[in-house]
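[1] need a 3D model of the following:
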Amino acid sequence: MTGGGIGFEVLAGLVVLALAFDFMNGFHDAANSIATIVSTRVLRPQFAVAWAAFFNFIAFLFFGLSVANTIGKGVVDPVLVDHYVLFGTLVGAIAWNVVTWWFGLPSSSSHALIGALAGAAVAKGGVGALVGSGFFKISLAIVLSPTLGFALGIALMTAVAWIFFRTAPRRVDRWFRRLQLVSASLYSLGHGGNDAQKTMGIIALILVSYGSLRPDFKAAEIPFWVVISCQTAMALGTLFGGWRIVKTMGQKITKLKPVGGFCAETGGALTLFLATGLGIPVSTTHTITGAIVGVGAVHKLSAVRWGVAGRIVWAWVLTIPCAAFMAALAWWAATQIF
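    Got it, this is the predicted structure:
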């Protein structure tokens, strides 16, 4: 099919903007993959980001594209999406990511994108532009992903404590320093598998607007160049790393040892694998934060710095409406200027 909607120049510009968001997503969410392994001093920061970036990149080899399908067709009606909506979506999501990165808040890039897409679409077509079932699925995931991460963090930490309670702490520390390399790679794999697919879904919408994909496209119809470019942008963003957020995630929520880092990363990875398999776009930030809090709470509730956790929750609550508002403004500005 040839371009039946937007021109090639607009197509190229929107794809570049989408990949810029994907890069920012990896940059912003690098903390999710590496904060625990850096804070426990298992790997130096420069080696940790390279480790995470590699597993971010190869994630497409292990997961299908069901999350991309959900973003492309399950949030807003693809028929109503045009280049103005797409421009507003990407500008709104990037703007909110920049704001939260600047203040060191680990907000959700995923929910920023979803909120921005909803805000731009509603600005154009009203509330009827939203797909109710998709929004319900995502809203449920907002609650369930950190809850499941929290529960798995507690369960794994408790199980490890029972299994190794007769083992010398120094030996446990040495074993889990090695095991944390495995858990960090699994979490990075889950992060790359779920998050990069969200940008794939946006680029699929760009291709629908251009005319090279049908509005009722299937996941298998998303071109491979879209997959590989999104995984590359995500990996490069992770490689550069958002160090302000790494500090918040790895040091300010609770003090982690290698065993705690392993349990948090493993619990988070299991949550992401489940969500990606079900095609649910969850927040990797919410997931790992829930797991870290769960691990800290096993020792004692006072081990968790609840004031920092409260700031993070406020960032979560504000993400979708703020990104939606920014996207609606960007949509309006685009319609007036272009």
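[2] could you look up the next helix or strand downstream of the longest helix that the chain contains?
    The longest helix of the chain (DSSP state H) is helix 169-210. Later in the chain than helix 169-210, the nearest helix or strand by DSSP states H and E is helix 224-240.
[3] and the angle from that following helix to helix 169-210?
    Here helix 224-240 runs at an angle of 140 degrees relative to helix 169-210 (axes from the mean of the first three to the mean of the last three Cα atoms, to 10 degrees).
[4] so which bits of helix 224-240 are buried?
    Across helix 224-240, burial judged by 16 or more other Cβ atoms under 10 Å covers 226-227, 229-239. Every residue, glycine included, has its C-beta placed from N, CA and C.
[5] next: stretch 263-277.
    263-273, 275-276.
[6] same question for that stretch, mean pLDDT?
    Across stretch 263-277, pLDDT averages out at 93.
[7] check stretch 140-155 too.
    88.
[8] picking up where we left off before, now find how far off-centre the longest helix of the chain is within its chain.
    Distance of helix 169-210 from the chain centroid (Cα atoms, centre = their mean, to the nearest Å) equals 9 Å.
[9] my read: Asn69 touches Gly279, true?
    Yes: if you go by Cβ atoms under 8 Å, Asn69 and Gly279 touch, sitting 6.3 Å apart.
[10] any common contacting residues for the two?
    The overlap between the contact sets of Asn69 and Gly279 (Cβ atoms under 8 Å, 6 or more residues apart in numbering) is empty.
[11] so who does Ser133 touch?
    Contacts of Ser133 (Cβ under 8 Å, 6+ apart): Gly74.
[12] give the helix, strand or coil label for it.
    helix (DSSP: H, G, I helix; E, B strand; the rest coil).
[13] ok, now how distant is it from Ala196?
    Distance check for Ser133 against Ala196: by Cβ to Cβ, to the nearest Å, it reads 23 Å.
[14] separation between Pro321 and Ser109?
    On the measure of Cβ to Cβ, Pro321 and Ser109 end up 16 Å apart.
[15] quick one, which of these two is more surrounded?
    Ser109 (32 against 12; other Cβ atoms under 10 Å).
[16] for the stretch 1-150 of the chain, give me the ranges with low pLDDT.
    1-5, 30-33, 106 (pLDDT under 70).
[17] which stretches of it form helices?
    Ranges of helices within the stretch 1-150 of the chain are 8-28, 30-39, 45-57, 66-73, 83-102, 109-125, 132-163, based on DSSP state H, counting those that start in this stretch.
[18] alpha carbons only: can I get the first one in PDB?
    Listed in PDB are the C-alpha atoms of helix 8-28, where the atom choice follows Å, rounded to 0.1, in the frame of the first residue of the first chain:
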ATOM      1  CA  PHE A   8       6.400  10.900   3.500                       C
ATOM      2  CA  GLU A   9       8.100  13.900   5.200                       C
ATOM      3  CA  VAL A  10       5.500  13.900   7.900                       C
ATOM      4  CA  LEU A  11       5.800  10.100   8.300                       C
ATOM      5  CA  ALA A  12       9.600  10.400   8.700                       C
ATOM      6  CA  GLY A  13       9.300  13.200  11.200                       C
ATOM      7  CA  LEU A  14       6.800  11.400  13.300                       C
ATOM      8  CA  VAL A  15       8.800   8.200  13.300                       C
ATOM      9  CA  VAL A  16      11.900  10.100  14.400                       C
ATOM     10  CA  LEU A  17       9.900  11.800  17.200                       C
ATOM     11  CA  ALA A  18       8.600   8.400  18.300                       C
ATOM     12  CA  LEU A  19      12.100   7.000  18.400                       C
ATOM     13  CA  ALA A  20      13.200  10.000  20.400                       C
ATOM     14  CA  PHE A  21      10.500   9.100  22.900                       C
ATOM     15  CA  ASP A  22      11.700   5.500  22.900                       C
ATOM     16  CA  PHE A  23      15.200   6.700  23.600                       C
ATOM     17  CA  MET A  24      13.900   9.000  26.400                       C
ATOM     18  CA  ASN A  25      11.900   6.000  27.700                       C
ATOM     19  CA  GLY A  26      15.100   3.900  28.000                       C
ATOM     20  CA  PHE A  27      17.000   6.900  29.400                       C
ATOM     21  CA  HIS A  28      14.300   7.700  31.900                       C
END
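[19] buried residues in that helix?
    Quick answer for helix 8-28 (16+ other Cβ under 10 Å): 10-11, 13-15, 17-19, 21-28.
[20] show me what the helix or strand where Gly268 lies is packed against.
    Assigned by DSSP H and E, Gly268 falls within helix 258-277. Counting contacts by 3 or more Cβ pairs under 8 Å, 6 or more residues apart in numbering; DSSP states H and E, helix 258-277 packs against helix 30-39, helix 66-73, helix 132-163, helix 169-210, helix 284-299.
[21] hmm, who's touching the shortest one?
    Outside of helix 66-73, the residues that reach it under the criterion Cβ under 8 Å, 6+ apart are 78, 113-114, 117, 131, 134, 137, 193-194, 197-198, 200-202, 204-205, 208, 215-219, 222, 275-281.
[22] among the buried residues of helix 8-28, which one sits closest to Gly290?
    Lowest distance from Gly290 to the buried residues of helix 8-28 (Cβ to Cβ) belongs to His28, with 18.0 Å.
[23] kind regards, and thank you for your time.
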